[in-house]
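S.K.: coordinates only, sequence not included:
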């Protein structure tokens, strides 16, 4: 069964935060070191706009399985046709093809959103995410070596990108 994508509403923010907080202990997908609160993510959530930079919920069998969002890249007008993509999947729904489904959904929305490039910031040790994006014709546009310090270990950040 194909997942369903719906725009997130303010009422969904606690569930979005809960999924985000699941990945923090793994040190794979975010530089946050402690769980975030709903209140601390309110301004971040408010920046999403279904017409420009959406945040979609990913539902599998009517159950929230993850989310995918597009955010402004670097916040300057000349970068308006490029967005940063983030995908977070609930741990109970890993390995079900939802990351690929999320990318496929976003790719189909790019013309409507006026976007012709996507960037993803992925830790260089996050092999599953790098594999997913590479499989979808993203290439490494940059590498920020050892920019994160997590649990006493330095981590590099790959900048993956694709033009459409």
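M.R.: Right, received. Where do you want to start? None of these values were measured; they are calculated from a predicted model.

S.K.: who's in contact with residue 19?
M.R.: Residues counted as contacts of residue 19 (Cβ atoms under 8 Å, 6 or more residues apart in numbering) are 64, 66-67, 88-90. Where C-beta positions appear, they are placed from N, C-alpha and C, glycine not excepted.

S.K.: list just the nearest of those residues to residue 53.
M.R.: residue 67 (13.3 Å; Cβ to Cβ).

S.K.: so that closest one makes contact with residue 58?
M.R.: Yes. The pair residue 67 and residue 58 passes the contact test of Cβ atoms under 8 Å, sitting 6.1 Å apart.

S.K.: out of the contacts of residue 19, which comes closest to residue 158?
M.R.: Distance to residue 158, by Cβ to Cβ, is smallest for residue 88 among those, at 17.5 Å.

S.K.: what about the closest one, neighbour count?
M.R.: Residues near residue 88, counting by other Cβ atoms under 10 Å, number 19.

S.K.: pull the longest helix from this structure.
M.R.: Ranked by number of residues, the top helix in the chain under DSSP state H is helix 98-113.

S.K.: residue contacts, the residue sitting nearest the centre point of the chain?
M.R.: Geometric centre of the chain, nearest residue: residue 86, 0.9 Å, by Cα atoms, centre = their mean. Contacts for residue 86 (Cβ under 8 Å, 6+ apart) come out as 68-69, 71, 120.

S.K.: bridging residues for the closest residue to residue 70 other than its chain neighbours?
M.R.: By the measure of Cβ to Cβ, 6 or more residues apart in numbering, the closest residue to residue 70 outside its immediate chain neighbours is residue 83, 4.1 Å from it. Beta-bridge partners recorded for residue 83 (DSSP bridges): residue 72, residue 118.

S.K.: now residue 154
M.R.: residue 149.

S.K.: quick check: it vs residue 125, distance?
M.R.: Distance from residue 154 to residue 125, counting by Cβ to Cβ, to the nearest Å: 11 Å.

S.K.: go on, residue 91?
M.R.: The spacing between residue 91 and residue 125, counted by Cβ to Cβ, is 18 Å.
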